[in-house]
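Visitor: model this:
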Amino acid sequence: MKPSLRPLFVAAGFAFVAGLAAAPLWWPHGPLAAMARVVFAGLCHQIPERTFAHDGHAMAVCARCAGIYLGLAIGPLVALVWRVDPRRRAPWLLGALPITAQVVAAWVWPSLDVAWLRAATGLWAGVFGGFLLACAVSTASAPARTPLGSAS
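Guide: Numbering: from 1, shown residues only. You can find the predicted model right below:
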């Protein structure tokens with residue numbers, strides 16, 4: 001597989017995960033919704049007050065996790081046009097800073113612990129995580145390039 005296409009497969013995988021997390025919203029009593037609740041039970045606290053819901057049916061994950069999974073699906077698409085070295089610390093810190101700041105701020109000011117803010121900071125972290133993961137996958141098995149003019 002061409003290294004340039006790997007981010008698309010990473011994005012497709014996480015888009016499936018994000019869709020599975022939302023399954024209880026659009027098919028609340030179906031087998032996919034039941035499977036989603038079981039799959040995500042070990043990954044997310046699923047507290048109803050912190051979960052997006054529609055018509056009384058909640059997602060299988062909280063607002064923050066929903067943002068993270070959606071971001072993990074979007075981030076690899078950024079890697080199609082822009083790449084960084086995933087071993088560098090700066091992009092990881094930039095991705096984690098808003099979610100960390102929101103968690104700490106919510107401890108100090110509980111009024112900042114709102115679903116849309118948790119989802120937004122989760123989305124930010126997810127986009128960076130998906131982007132950096134796709135960069136790592138794209139470069140992990142790429143063939144080594146020999147500089148021009150050197151003997152092989």
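Visitor: okay, CA-based contacts and neighbour counts for the rest of this
Guide: Noted.
Visitor: ok, Val84 to Leu117 distance?
Guide: Applying Cα to Cα, to the nearest Å, the value for Val84 to Leu117 is 27 Å.
Visitor: between these two, which has more neighbouring residues?
Guide: Leu117 (18 against 14; other Cα atoms under 10 Å).
Visitor: residues touching that one, list them.
Guide: Gln102 (Cα atoms under 8 Å, 6 or more residues apart in numbering).
Visitor: same question, Ala12
Guide: Applying Cα under 8 Å, 6+ apart, we find Ala12 in contact with Ala73.
Visitor: longest helix anywhere in this protein?
Guide: The residue-count maximum for a helix in the chain (DSSP state H) belongs to helix 115-140.
Visitor: measure how far it is from the centre of its chain, please.
Guide: 5 Å (Cα atoms, centre = their mean, to the nearest Å).
Visitor: ok, stretch 15-35 next?
Guide: In terms of Cα atoms, centre = their mean, the centre of stretch 15-35 is set 17 Å apart from its chain centre.
Visitor: what are the buried residues along it?
Guide: 15, 17-25, 28, 32-33, 35 (16 or more other Cα atoms under 10 Å).
Visitor: from those residues, which is closest to Ala101?
Guide: When the buried residues of stretch 15-35 are compared for distance to Ala101 (Cα to Cα), Ala18 comes out closest, at 24.1 Å.
Visitor: wait, isn't the closest one in contact with Ala63?
Guide: No. If you go by Cα atoms under 8 Å, Ala18 and Ala63 don't touch, sitting 11.7 Å apart.
Visitor: next, the buried residues of stretch 86-93.
Guide: Those would be 86, 91, for stretch 86-93 by 16+ other Cα under 10 Å.
Visitor: what's in contact with that stretch?
Guide: Contact with stretch 86-93 is made by 128-129, 132-133, 135-136, as judged by Cα under 8 Å, 6+ apart.
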